[in-house]
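fold the following for me, if possible:
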Amino acid sequence: MAFIRLFFILLLLHLVSVSGNSDAAYHHHLHHSLLKDKAALLAFKKSILVDPKSTLANWEEAVPVCNFTGVTCDKRHHRVAQIDLSSSGLVGKISPFLSNLTGLLLLNLYENHFFGTIPPEISSLRHLHTLVLNRNNLNGPVPDSFAPLTNLTVFAAMENNLTGPMPPSFFSNCTHLVFIDLSFNFFRGQIPEEIGNCPSLRTLNLYNNQFTGQLPVSLTNTTLFNLDVEYNLLSGELPSDFVRKLPKLLFLHLSYNNMTSHDNNTNLDPFFATLGNCTDLRELELAGMGLGGRLPSSNGHPSLRRLELQENHIFGSIPPEIGNLSNITTLNLTSNFLNGTIPEEVSLLLMLEQLFLSRNFFSIRIPVALGKLPHLGLLDLSNNKFSGEIPASLGDIVALRILFLNNNLLSGTIPPKLLKCKNLYLLDLSHNKLTGRIPPEIAELREIRRFIKLSHNLLEGPLPIELSKLENVEEMDLSSNKLSGNIFPQISSCIAVKMINFSHNSLEGQLSDSLGELRNLQSLDVSNNNIAGKIPMSLSKINLTFLNLSFNNFEGMIPSGGIFNSTTNMSFLGNPRLCGAASSRPICPKKKHRFRSRSYGRVYRGVLQDGTSIAVKALVLPFMANGSLDSRLYPHSESGLGSGSSDLSLLQTLVSDFGIARLVMTVEAGSGSGAIENMGNSTANMLSGTTWLNCTRGDVYSFGVVVLVMVTRKRPTDDMFVGDLSLHRWVKSHYHGRVEKVVDSSLIRASRDKSPEVKRMWEVAIGELIELGILCTQETPSTRPTMLDAADDLDRLKRYLSGDTTATFFSSLGISSSTLGDN
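Reported below is the predicted structural model:
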């Protein structure tokens, strides 16, 4: 995509550079004066409602028109030739008086706030070469009257609200048209066959629309080298014949449509065989269509740089011929049904930079050959069934910056050599069966900045003091292991850390006052350990937003100030020797008849009539006073949309009142039937006891629908969802673009008057909820996350909305485990 935009910019610069010499095409219009051009521009200015940068400040009668900001004249012919008002923030309608600028060659209104329709009068600009309307708020159709624009070379109107079918008349005389970009709009219907009348067409970008039908065969009459129609409703088999007749293709992006592979969606070979004619093909993207079949052995295209086949139904092994992709830099096979072998030939991919194999069914050992890829910067093998030890050869990948091996069946110890990858930026080995001690070589990971996750393993031994060398790490999660010893005072050297989770281990000793030196620390969880002594007063002096000290052996008064003024007794459960306001026990009791409980219920001592002592467990569930979700979203209508809650409280309802986030604190790997007992509050109500453990994929779909409904205020049964358009597909089609188009308008209004920090939190929360909803409502159950995964995301989001900025998010549709931020 970056290459396409670069081409677009270069093309514009080329057009600008030659415009001064393009006199022959409009030589007969010399009788038009600059005075008439000025009048047209002053009329244009009158249609502008807001000019935040004062771009048009010198557009005045007393100023020569050729000195107007953004205006370039052809001085030989005394005409306005170019108007470039890009990125000016202008608000208003596009004035039809622009049609009087009959000598105009270029009109660039990129990235403003123009609204209304595209004036059909623009068709009078017979010499117009370039028309750029990207990133505005234009609506309505492309005018039928555009046919006279026979000299048009570039037409770009991406990221608007344009609707309707593309008018066939637009392509009736388009012999000079080279570049079309109408992406991120709401066009529907079929792509007109008349587009084949554009023999010079090289780039066609129509992604993120609602086009239906098949790709028109007439496109083979063009000289296309870039075709991007991702995120539409196009159907039919993968276009083998189409591709065969376009040998100059460089970029072919067909992802997220309704296409199938050959032979009733079972055979990818015919399509990949025809790609052999495209000897210069650089990028092939066929993701998210449920394509069936095995990876073809005819996939060896030496020029291919990027191959994206994620979210399909591809099965079997990766063929040895994969080694023929000698120049490939990105290979994404995430979320398929691959379950065979990974060949030794993968070591021949010497240019490979990113390898995504997450969410498949590999049950083999991690190939040692992966350690021979010198440029590999990202390796994601998460959410498979890889077993055996982590190959020490991975430590030979000097360029490795991101490594996800989480959610597998890996065993053995962490190889010390792996920790010598000094460029590692993100490391996730969580949710495996790793044993032994954390190697002291962990001190070598000085470049770890975002996170290190070793949680949910069987690691033992003392907490390594070498962790104190990780001065740049922001998130440190070693929870749910068998680690012992003290939390060493030198932890204060991790000056950048924002989140520490050492919960569910066997740590002892006391918390050091040095924790108060961690000025960036926002979240601290050391629950479910054996830590004793008093709670350090120094914790009240830093900007903690989340604190969990529950189920330890703390004693004495709970400090006051800082985080302690906002915590509840949930942060101190299971510490019977603690007293203070937050524990709801101002005075430490002298005699207790309550046993210690490691759950959210309370255990009391009782005596039967025969004198037998018993333990009685009481689980108190809260009354849901806010009523049903439907009544809050649609309070004034039984079938239509109501005004509902007009603030952001519904987001807090989702991540807090549901109670699901409690799962993260209590459900440990392999906890068995005791897990439900520990859920607490409305979670137990909602998940109906132990049946939740057996319904790992069904409930999560319903939950995902609830998430999308809350964010969009659209019912899945709304009239707009007809045919193949569903709530899931509608939201997903906007995920990589203008996501605000699907967000409930009341949520957007509620954030407008907030501070920039609150607006940023809103954007993050909306984005994370939309992504979670999309993942949970995927068509194939095996590609959905578990409810525990969803609970973990909600727990992070809940803490984030409470001000805990350490609750960072790294997941996306492309990376299934821990995902990347903006790095």
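
only C-alpha atoms for contact and neighbour calcs from this point on.
Noted.

hmm, who's touching whichever strand or helix holds residue 411?
Following DSSP states H and E, one finds residue 411 within strand 409-412. Outside strand 409-412, the residues that touch it by C-alpha atoms under 8 Å, 6 or more residues apart in numbering are 385-390, 431-436.

thought residue 559 was touching residue 537, still the case?
Yes: under the criterion of C-alpha atoms under 8 Å, residue 537 makes contact with residue 559 at 5.9 Å.

and those two? Which one has more around it.
Counting neighbours by other C-alpha atoms under 10 Å for residue 537 and for residue 559 shows that residue 559 has the greater number, 20 against 17.

tell me the SS of that one?
coil (DSSP: H, G, I helix; E, B strand; the rest coil).

could you check how far it is from residue 799?
The gap separating residue 559 from residue 799 is 21 Å, by C-alpha to C-alpha, to the nearest Å.

pull up the pairing partners for the strand holding residue 411, direction included.
Paired neighbours of strand 409-412 in the sheet (DSSP bridges): strand 387-388 (parallel), strand 433-434 (parallel).

could you give the mean pLDDT of the first one?
Averaging the model's pLDDT scores along strand 387-388 yields 96.

list the contacts of that strand.
Contacts with strand 387-388, where a contact means C-alpha under 8 Å, 6+ apart, come from 363-366, 408-412.

quick one: which of those is most hemmed in?
Neighbour counts for the contacts of strand 387-388, by other C-alpha under 10 Å, peak at residue 410, which reaches 25 neighbours.

out of the contacts of strand 387-388, the closest to residue 545 would be?
Nearest to residue 545 among those, counting by C-alpha to C-alpha, is residue 408 at 32.0 Å.

is it true that that closest one touches residue 390?
No: look at residue 408 against residue 390 with C-alpha under 8 Å: they stay out of range, at 10.9 Å.

okay, now the unreliable bits of the stretch 251-400 of the chain?
299-300 (pLDDT under 70).

give me that answer again for 80
Within the stretch 251-400 of the chain, the segments meeting pLDDT under 80 span 298-301.

likewise the stretch 601-750 of the chain?
Along the stretch 601-750 of the chain, the model assigns pLDDT under 80 to residues 601-699, 718-725, 733-741, 745-750.

before we move on, what about the stretch 451-600 of the chain?
Short version for the stretch 451-600 of the chain, where the test is pLDDT under 80: 580-600.

mind redoing it with 70?
Within the stretch 451-600 of the chain, the segments meeting pLDDT under 70 span 581-600.

show me which of the contacts of strand 387-388 is closest to residue 249.
Set against residue 249, the nearest of these by C-alpha to C-alpha is residue 366 (35.4 Å).

packed most tightly, which of the strands paired with strand 409-412 would that be?
Among the strands paired with strand 409-412, the stretch with the highest mean neighbour count (mean count of other C-alpha atoms under 10 Å) is strand 433-434, at a mean of 24.

longest helix in the protein, please.
helix 756-776 (DSSP state H).

state the mean pLDDT of the helix or strand just after that one.
Downstream of helix 756-776, the first helix or strand assigned by DSSP H and E is helix 787-801. Computed over helix 787-801, the mean pLDDT rounds to 76.

could you pull out the helices for the stretch 1-150 of the chain?
Assignment of helices within the stretch 1-150 of the chain using DSSP state H, counting those that start in this stretch yields the ranges 2-19, 34-46.

least confident of these, on average?
Among the helices of the stretch 1-150 of the chain, helix 2-19 scores lowest, at a mean of 45.

report the buried residues of stretch 564-584.
564, 567, 571-583 (16 or more other C-alpha atoms under 10 Å).

kindly report the same for stretch 304-320.
Buried-residue list, stretch 304-320, by 16+ other C-alpha under 10 Å: 304-319.

and the closest residue to residue 376 other than its chain neighbours, what is it in contact with?
In this structure, residue 376 finds its nearest non-sequential neighbour in residue 353, 4.1 Å apart by C-alpha to C-alpha, 6 or more residues apart in numbering. Listed by C-alpha under 8 Å, 6+ apart, the contact set of residue 353 reads 329-330, 375-378.

mind listing the strands in the stretch 401-550 of the chain by residue range?
Ranges of strands in the stretch 401-550 of the chain, per DSSP state E, counting those that start in this stretch, are 402-404, 409-412, 426-428, 433-434, 451-453, 460-462, 475-477, 482-484, 499-501, 523-525, 532-533, 546-548.

wait, doesn't residue 417 sit right on residue 395?
Yes: counting by C-alpha under 8 Å, residue 417 does reach residue 395; the two are 5.2 Å apart.

higher neighbour count, the two?
Neighbour tally, residue 417 and residue 395, criterion other C-alpha under 10 Å: the higher count belongs to residue 395, 20 against 16.

that one: what's it in contact with?
371, 417-421.

wait, is it part of a strand?
No: looking at residue 395 with three-state DSSP, it is helix, so not inside a strand.

tell me, how many residues neighbour the nearest residue to it once chain neighbours are set aside?
For residue 395, ignoring the flanking residues on the chain, the nearest one in space by C-alpha to C-alpha, 6+ apart is residue 418 at 4.0 Å. Look at residue 418: counted by other C-alpha under 10 Å, it has 21 neighbours.

next: residue 368.
Residues contacting residue 368 under the criterion other C-alpha under 10 Å number 14.
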